[in-house]
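Participant: What shape does this take:
(chains A, B and C)
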Amino acid sequence: MSKIYDTLLGEYIQNPGRKWLSLDLLAKKYFDYKMISYDEVTRKKELNFVEVALDEASIYSTEDVYITAKVYELQEKNQIINDKVLNEIELPLLEVLKDMEITWVKVDSEKLAEIWKYLEQEIKKEEKIILTLAWENFNIKSPKQVGEILFGKLWLPEWKKTKTWFSVDSEVLESLSFRYPIAKHIVNYRQYTKLQSTYVEWLSKLIDKNTKKIHTSYNQTITTTGRLSSTNPNLQNIPSSDWLGWTIREAFVPSDENNILVAFDYSQIEVRLLAILSEDENLLGSFKSWIDIHKNTWYFLFWKDDITNDERRIAKAVNFWVIYWISPFGLSKMIWVSLGEAREYINKFYEKYPKVLEFFEKTISDCEKNWYVETMFGRKRFISNINDNNSVIKKASEREAINMPIQWTSADIIKIAMIKVWKFLREKNLKSKMIMQVHDELVFDVVLDEIEIIKKEIPEIMENIINTPIKLIVDIWIGKNWRECK
DNA sequence: CGAGGAGCGA
DNA sequence: ACGTCGCTCCTCGA
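Facilitator: This is a model prediction of the structure:
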C-alpha cells in the first residue's frame, strides 16, 4: 500500500502545478492505455457498483491495481510524506474510510420527491416571468444566451468580464437586481435548477432501491491539502446556507427510527490553528480567556465600548479572510468597504497580532528557500512558482503557501480524530456508526441507548488530538435529520 | 468529448 | 490581479 502512496505522491513532485491526478491519466501518459472508466462499468451510474456483473467488476478492479503497480515501477521513490504520517494517519484511515463507505448513509427518497415537486413548480413560475420580461424565448441555462438578452437586447449595464465575454454570474445579477427585476428572477431560477439537478435528482439516482441508502466514495489522494474529497455523490457540498438548501439536509436521516444523528464540529479550527502555529500572544490570549475572538478583533479594530452589528460583521470577516493572505482590494470587495478602510483593517489586524504577520512572512521566506512548505505533522508541499518573476503568479503561490499549513494541519487533526473515534467505537462494542466527514465535522448514526456515552466521549477524543497551548473546541448537534444538526 | 461558466461546500 | 481546496451541472463547439 505504501507503494500506491509513493506512486501517486511522486507524481505531485514531478508535476507540482497539477491540481489533481488520476490513475487513468497516468495510464494514458505512460502506456498510452485507456482504462475502463467508472461510468462505463456502472452504465453512467445507472447501476451501483455492487450491482455490476462480477466478471466485469473484477476486470475493472484488477486493472486499478495492475496499472498502479506498473506506474510505480516507472517512478523513483520520492517521499513527501514521512513514515509517521503514512503509518499513523493515512494507512489506519484506510480502514475507517472503508467502514464509512460500507455503512452508507440513509436518505429519505419521499422527502426528495416532495422537494422535487416544489422546485419544479417554482422553476416553471420563474421561467414564465423571465421569458415574459425578455419578450422572447431563450435558454436560461445558457450563460451565453442570458448575456445576449441582458446586454445585447435589453441594454443592461455590464461591468465584469469572463475570458470570452461579459459575465452573468450571481454577483453581477444581484447588483443589477435592484433596478432590473429580470436579473433577480434569473438568480432564483438558477438556485432552483441547481438544487433540482445537482442535489435532488443526482441524490435520488444514487439511492439504492433496497436499502434506501446512498454510497459515497471518499478519496484519500486527490487534494493538495491533505483533505478528503467525496464523489458519487459529493457529500461535502450539500447546501447549508439558506432555508431552501436546508430542506435537502432534511432528507438525510438515521438508518433506523430508533436512531438519531449526532454531528460534532470543530469550532473555528482554522483561527485556532493560526494562533497555535504563530504563537501570537494576543490571539492565544483571546482563546485562553474565552473572550470571543470576533469581539477581541473588533475591539482592536475600532477601539470603543459598544459594538454595532456592522462592526461585528466586519471584525468577523477580517478574522476569516486574513488567514488567506487576502489583499486590501479583495477584502474591500468581500465586506463592502472602501479600499482605504480595508487596508486599514488589515494593517490593524497585523499590528495587534504581530506574530501572525511574522509567521506568514516566515512561511513565505522558508518556501522561497526550500521550494516547499512544511506542516505540523511534517508533510511537505512543493510550490514550484514561489520564486516566479511574474508577481501575479508569485502572489498566488504565496497564498497557497500560507493557506497550506493551516488547512493541512486541520485536515490531519480530523483524520487522527476519525481513527481514534473509530477505534473507540470498536473497543466499546458500540453499534453507533460514523457515517460522514465534512472537513471539520463528523456525523454519526447513533443508537439511542448509546447517546450519553457518545456525547461524552467523542468530543473528549476530538478535542485532545494534539497538545496545544489552547484547547480545540468541539460543538455538538443532535437531530432527527441532518438539518437539525446545525 | 472537453472547455468554460456557474454554483454548492469547508 | 486581487482567499484556498474540492465536485457536478449545463451549454456549446470541435
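Participant: Check chain A for the residue nearest DNA strand C and tell me.
Facilitator: Per CB to the nearest atom of the strand, residue A:330 is where chain A lies closest to DNA strand C, at 1.6 Å. Yep, even glycine has a C-beta here, placed from its N, CA and C like the rest.
Participant: how many neighbours does residue A:107 have?
Facilitator: Neighbour count of residue A:107, defined by other CB atoms under 10 Å: 21.
Participant: right, and it touches residue A:205 too?
Facilitator: No. Between residue A:107 and residue A:205 there is no contact under CB atoms under 8 Å: 11.1 Å.
Participant: For the residue sitting furthest away from the middle of chain A, report the pLDDT, please.
Facilitator: Distance from the C-alpha centroid of chain A peaks at residue A:135, with 40.3 Å (CA atoms, centre = their mean). On pLDDT, residue A:135 comes in at 94.
Participant: The one 5 residues further on now?
Facilitator: Predicted confidence (pLDDT) at residue A:140: the value is 96.
Participant: tell me the contacts of it?
Facilitator: By CB atoms under 8 Å, 6 or more residues apart in numbering, the contact set of residue A:140 is A:127, A:130, A:146, A:186, A:189, A:190.
Participant: Mind listing residues that contact the helix or strand where the third one lies?
Facilitator: Assignment of secondary structure by DSSP states H and E places residue A:146 within helix A:143-147. Here helix A:143-147 makes contact (CB under 8 Å, 6+ apart) with A:138, A:139, A:140, A:165, A:166, A:168, A:186.
Participant: Just the buried residues out of these, in ChimeraX syntax.
Facilitator: To isolate the buried ones among those in ChimeraX, judged by 16 or more other CB atoms under 10 Å, type:
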select /A:140,166,168,186
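Participant: Just to be sure, which of the contacts of helix A:143-147 are found in helices?
Facilitator: Per DSSP state H, helices hold the following members of the contacts of helix A:143-147: residue A:186.
Participant: Distance to DNA strand C added to the contacts of helix A:143-147, as TSV?
Facilitator: Putting those into TSV (distance: CB to the nearest atom of the strand, whole Å) gives the following:
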residue	distance to DNA strand C
A:138	8
A:139	5
A:140	8
A:165	11
A:166	15
A:168	12
A:186	13
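Participant: Within reach of DNA strand B, which of the contacts of helix A:143-147 are there?
Facilitator: By CB under 7 Å from any atom of the strand, the members of the contacts of helix A:143-147 lying near DNA strand B are A:165, A:168.
Participant: quick one, helices of the stretch 301-450 of chain A?
Facilitator: With DSSP state H, counting those that start in this stretch, the ranges of helices along the stretch 301-450 of chain A come out as A:309-322, A:328-335, A:339-352, A:354-370, A:391-427.
Participant: Out of the ones you listed, which is closest to DNA strand B?
Facilitator: DNA strand B lies closest to helix A:391-427 among the helices of the stretch 301-450 of chain A, at 7.6 Å (CB to the nearest atom of the strand).
Participant: quick one: that closest one to helix A:328-335, angle?
Facilitator: Angle of helix A:391-427 versus helix A:328-335, following axes from the mean of the first three to the mean of the last three CA atoms, to 10 degrees, is 50 degrees.
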